[in-house]
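Colleague: Prediction below, plus the sequence it came from.
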Amino acid sequence: MSVAFIHPHALVETDAVGEGTRIWAFCHVLRGAVIGRDCNLGDHAFVEGDVRIGDGCVIKNGVSIWDGVTLEDRVFVGPNAAFTNDLIPRARVRRPGFEKTVIREGASIGANATLVCPLVVGRYALIGAGAVVTRDVPDFGLVVGNPARLIGHVCRCGERLILADGRAVCPCGHRYIRKEADQIQETA
Amino acid sequence: MSVAFIHPHALVETDAVGEGTRIWAFCHVLRGAVIGRDCNLGDHAFVEGDVRIGDGCVIKNGVSIWDGVTLEDRVFVGPNAAFTNDLIPRARVRRPGFEKTVIREGASIGANATLVCPLVVGRYALIGAGAVVTRDVPDFGLVVGNPARLIGHVCRCGERLILADGRAVCPCGHRYIRKEADQIQETA
Amino acid sequence: MSVAFIHPHALVETDAVGEGTRIWAFCHVLRGAVIGRDCNLGDHAFVEGDVRIGDGCVIKNGVSIWDGVTLEDRVFVGPNAAFTNDLIPRARVRRPGFEKTVIREGASIGANATLVCPLVVGRYALIGAGAVVTRDVPDFGLVVGNPARLIGHVCRCGERLILADGRAVCPCGHRYIRKEADQIQETA
């Protein structure tokens, strides 16, 4: 059985790290955090104590995951992407509770992207590098820019989908159908 | 009397850290820096030697404060926000002196924001997450985007102000009056 | 002979670090990386193993240089700038090889800029702070914004060039001539 790998220069204060997970140098994970199996936390990542990270997530260097943020399974977070948990931050003003951010299964957050709370990023959505996301992103949605706008949809595999008559077939085999304006779903 | 808390994995080379200040893991503060009371420096923050940070400031993870940058009291700096002190950086070219950036009392800098020197951010201004600020921001100004544009004003408490006939009253009780085009001030 | 300076709190796993290079606290350089002479790697920088960095480069705090990225001589990379090596990142999906990013001699990357692979940034180009670069930048090109657009050209020294009749003379003495639409070159 493979256990977690924790680099000797990481600080991991929780016991809840799944097997196969690797936590690299100068990372800091606070007591209380729950991290799934087969994750990878790059150098200089940080995880606060009231955070749950699913299985198979990849968190690249320089990313901080604050209380109020949840990553479901197989989420990718690019280097230096920034989460938030307070929409109107003021020094020395502590608001009750935190705004929530949920990144659903399989979604990818590009490098240097910024996620403005509260926010839900849908399943397998793709947030472009450098995007500043200020509202919810639908499942399979592709958003870019500042502020981020929806410019299309991507497959589970990440490839851009081309919808014709409300349907798309990805070369990888997955099929999709439009539900309503900005929403698509997988189909048989 | 509470003294400063310095995490055992932080490197603090200055003696000028005010009481009640907390400096977290993998932070590095260079000799000469002056940090006020009751500040909080998150993991992986960095403070160069010719920097003055006021009382009650919050500097989140991954922020570097360079020579030439001054933070007055109760400034909030979000995660991975970036300061600059050279408008035309070239490797191996050292210019005489540094461009100055001043963040006035109570201002907030959002996550991943970029501050292009020289720059003054006014009192209680709010820089949106991911904004790229290329010119001065007035007191209580709210700016967003790349490049950042002024889209309104906020109260001392952070709430958006709605001006009518050049006046605004925040639900929290503070009152403001317009001085000139982009400038407002508190009033009785 | 000056040898490299490696801060006692840095982790350097390669032997290929040129003399005069300085690597600061909480940096991590993996085995296999090749770093030239007289470079400066700021705190919390990270260099993967299949990376080549030329002579005289400056890499500021919080920058990660991934496999597939090459920096030629005298490249400047501002704080928290982010590189990429996978255009469609998905957790737990490893693609064969990496997309390439090449930053040519003397180019400067501003603070918090994002470099979307694959990409070539030309010699002495200047990437504005916070820019999100999604396509190649010509030699001496100046780009800003999200997505980054070419707004002009700069001299080797970094100063903005003013072309008249397809020619420019910088106050520093260097001369340039337009080759084609977006391309300029040095001339005698």
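Modeller: Happy to help now that I have it. Note that this is a predicted model, so its numbers are computed, not measured. Residues are numbered from 1 along each chain as shown, chains lettered A, B, ... in the order given.

Colleague: Could you show which parts of chain A are in contact with chain C?
Modeller: With Cβ under 8 Å from any Cβ of the partner chain as the criterion, chain A meets chain C at residues A:9, A:24-26, A:38, A:42-44, A:56-58, A:60-62, A:74-76, A:78-80, A:106, A:108, A:110-112, A:126, A:128-130, A:144-146, A:154, A:157-159. Where C-beta positions appear, they are placed from N, C-alpha and C, glycine not excepted.

Colleague: Going through these, which ones are buried?
Modeller: Neighbour counting by 16 or more other Cβ atoms under 10 Å in any protein chain shown classes A:9, A:24-26, A:38, A:42-44, A:56-58, A:60-62, A:74-76, A:78-80, A:106, A:108, A:110-112, A:126, A:128-130, A:144-146, A:154, A:158 among the residues of chain A next to chain C as buried.

Colleague: does A:Glu186 sit in a helix or strand, and which one?
Modeller: Per DSSP states H and E, A:Glu186 falls inside strand A:183-187.

Colleague: helices and strands around that strand, which ones?
Modeller: strand A:175-180 (3 or more Cβ pairs under 8 Å, 6 or more residues apart in numbering or on different chains; DSSP states H and E).

Colleague: Buried residues, the strand it packs on. List them.
Modeller: Neighbour counts over strand A:175-180 (16+ other Cβ under 10 Å) mark A:Tyr176 as buried.

Colleague: Would you mind listing where chain A has pLDDT under the threshold?
Modeller: A:1-2 (pLDDT under 70).

Colleague: and it, which of its residues are near chain B?
Modeller: A:11, A:26, A:28, A:44, A:46, A:62, A:64, A:66, A:80-84, A:88-93, A:112-114, A:116, A:132, A:146-147.

Colleague: Give the ChimeraX command for selecting the buried subset of those residues.
Modeller: This is how ChimeraX selects the buried members of the residues of chain A next to chain B, with burial counted by 16+ other Cβ under 10 Å:
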select /A:11,26,28,44,46,62,64,66,80,81,82,83,84,88,89,90,91,112,113,114,116,132,146,147
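
Colleague: from the residues of chain A next to chain B, which ones fall inside strands?
Modeller: Taking DSSP state E, the ones among the residues of chain A next to chain B that sit in strands are A:Leu11, A:His28, A:Phe46, A:Ser64, A:Thr114, A:Val132.

Colleague: Name the helix or strand for A:Thr70, please.
Modeller: Here A:Thr70 is assigned to strand A:69-71, by DSSP H and E.

Colleague: Could you dump the ones in strands among the residues of chain A next to chain B into a markdown table and include distance to B:Glu186?
Modeller: Formatted as a markdown table, these follow (distance: Cβ to Cβ, whole Å):
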| residue | distance to B:Glu186 |
| --- | --- |
| A:Leu11 | 44 |
| A:His28 | 40 |
| A:Phe46 | 37 |
| A:Ser64 | 34 |
| A:Thr114 | 30 |
| A:Val132 | 30 |
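
Colleague: Closest to chain C out of the residues you listed?
Modeller: Closest approach to chain C among those (Cβ to the nearest Cβ): A:Val132, at 8.0 Å.

Colleague: check contacts around the closest one.
Modeller: Neighbouring residues of A:Val132 by Cβ atoms under 8 Å, 6 or more residues apart in numbering or on different chains: A:Ala113, A:Thr114, A:Val116, A:Gly145, A:Asn146, A:Pro147, A:Ala148, B:Asn112, B:Gly128, B:Ala129, B:Gly130, B:Asn146.

Colleague: Kindly report the same for A:Asn112.
Modeller: Counting by Cβ under 8 Å, 6+ apart, A:Asn112 touches A:78-82, A:129-130, B:80, B:112, C:80-82, C:112-114, C:132.

Colleague: What separation do you get for the residue of chain A positioned farthest from its centre and chain C?
Modeller: No residue in chain A has its C-alpha farther from the mean C-alpha position than A:Asp165, which lies at 30.7 Å (Cα atoms, centre = their mean). In this structure, A:Asp165 lies at 25 Å from chain C, with Cβ to the nearest Cβ, to the nearest Å as the measure.

Colleague: Can you list phi and psi of that residue for me?
Modeller: Main-chain torsions, A:Asp165, degrees, to the nearest 10: phi 50, psi 40.

Colleague: quick one: contacts for it?
Modeller: Contacts of A:Asp165 by Cβ under 8 Å, 6+ apart: none found.

Colleague: Return the distance of the next helix or strand after the strand holding A:Thr70 from the chain's centre.
Modeller: Using DSSP H and E, the helix or strand that follows strand A:69-71 towards the C-terminus is strand A:76-77. For strand A:76-77, the distance from its own C-alpha centre to the chain's C-alpha centre is 5 Å (Cα atoms, centre = their mean, to the nearest Å).

Colleague: next one: stretch A:167-181
Modeller: So, by Cα atoms, centre = their mean, the centroid of stretch A:167-181 is 23 Å from its chain's centroid.

Colleague: Now tell me what touches it from outside.
Modeller: So stretch A:167-181 is contacted by A:140, A:153, A:155-157, A:159, A:161-163, A:166, A:184-188 (Cβ under 8 Å, 6+ apart).

Colleague: run the last query once more with 10 Å
Modeller: A:124, A:138-140, A:150, A:153-163, A:165-166, A:183-188 (Cβ atoms under 10 Å, 6 or more residues apart in numbering or on different chains).

Colleague: ok, of the contacts of A:Asn112, which one's closest to C:Gly32?
Modeller: Minimum distance to C:Gly32 across the contacts of A:Asn112 is 19.3 Å, recorded for A:Pro79 (Cβ to Cβ).

Colleague: Hmm, that closest one is touching A:Asn61, no?
Modeller: Yes - A:Pro79 is within contact range of A:Asn61, at 4.9 Å (criterion: Cβ atoms under 10 Å).

Colleague: For these two, list the residues in contact with both.
Modeller: By Cβ under 10 Å, 6+ apart, the residues touching both A:Pro79 and A:Asn61 are A:Gly42, A:Asp43, A:His44, A:Ala45, A:Ala111, C:Phe46, C:Gly62, C:Val63, C:Ser64, C:Trp66, C:Ala82.

Colleague: quick one: contacts for the first one?
Modeller: Spelled out, it's A:Gly42. By Cβ under 10 Å, 6+ apart, the neighbours of A:Gly42 are A:22-27, A:58-63, A:77-79, C:28, C:46, C:64.

Colleague: Can you tell me the closest non-neighbouring residue to it?
Modeller: Of all residues not flanking A:Gly42 in the chain, A:Asn61 sits nearest, at 3.9 Å (Cβ to Cβ, 6 or more residues apart in numbering or on different chains).

Colleague: residues touching A:Arg135, list them.
Modeller: Residues in contact with A:Arg135 (Cβ under 10 Å, 6+ apart) are A:Val116, A:Pro118, A:Leu119, A:Val120, A:Val143, A:Pro147, A:Ala148, A:Arg149, A:Leu150.

Colleague: Quick one: buried ones out of those?
Modeller: Applying 16+ other Cβ under 10 Å to those flags A:Val116, A:Pro118, A:Leu119, A:Val120, A:Val143, A:Pro147, A:Ala148, A:Leu150 as buried.
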